[in-house]
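K.L.:
Show me how the following folds:
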Amino acid sequence: MSDDASGLIHHPDGCPRCWWPGLDPVYVAYHDTEWGVPEHDGRALYEKLILDGFQAGLSWITILRRREGFRKAFAGFDPEAIARFTEADVARLMDDTGIIRNRAKIVGTIAGARAFLAIEERGPGFSRFLWDFVDGTPIKGTATDRTGIATQTEVSRRMSKALKTQGFTFCGPTIVYAFMQAVGLVNDHLVGCHRHAACAASGGAA
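P.N.:
Numbers count the residues shown, from 1 in each chain. This next block holds a predicted model:
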């Protein structure tokens, strides 16, 4: 592996990648198969938004390594099931070592499930609600080095405000921008990364 000044890491397999996964195989797999791929499934978008909220103050790899634990604890991130969680479920989750045990974030997950269902009931759904912020088409990142990657944007600030209005928590503009990057609302792979073109080719409305 070699790391150049742009922030690209050149792995032994010959593929240049963004700097942030390093050599961690779990992180590299996530970078290569999930991050930046446009996601249009509402439930998957809800899951990722919630997990990004749990990430606040932590590293994403910490959450990624516990993702299956989160899925088990939160009923596969089925919003209908989570919306019915009670105080007893909150207490159960506070004893679950497979997740990050933060009461405010657990309660926020339940509130987010109820907000998700309200958006779904009003139509046209949570996925459309989010994708409308980018007019249905991923924003094309053009950064050639890590200094060109934003931490928040005008779009993430508007989305953050809208999500909070709907009842979501732990969705500030920086968290929301990380979410947008992860689910392909913006393609922020560095231009020299081998995934940049692939993600760009998979963009567009569902």
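
K.L.:
SS state for the residue nearest the centre of the chain?
P.N.:
Closest to where the C-alpha atoms of the chain average out (CA atoms, centre = their mean) is residue 179, at 3.4 Å. Here residue 179 is helix, with the state taken from DSSP: H, G, I helix; E, B strand; the rest coil.

K.L.:
That one: what's it in contact with?
P.N.:
Taking CB atoms under 8 Å, 6 or more residues apart in numbering as the contact definition, residue 179 lies against 48-49, 52, 171, 185. (Each C-beta comes from the backbone N, C-alpha and C, glycine too.)

K.L.:
7 Å instead, please
P.N.:
48-49, 52 (CB atoms under 7 Å, 6 or more residues apart in numbering).

K.L.:
Pull the number of nearby residues for residue 101.
P.N.:
13 (other CB atoms under 10 Å).

K.L.:
helix/strand/coil for it?
P.N.:
Going by three-state DSSP: residue 101 is coil.

K.L.:
what about the residue lying closest to it once chain neighbours are set aside, neighbour count?
P.N.:
In this structure, residue 101 finds its nearest non-sequential neighbour in residue 94, 5.3 Å apart by CB to CB, 6 or more residues apart in numbering. The burial count assigned to residue 94 is 12, neighbours taken as other CB under 10 Å.

K.L.:
my read: residue 94 touches residue 104, true?
P.N.:
No: counting by CB atoms under 7 Å, residue 94 does not reach residue 104; the two are 11.1 Å apart.
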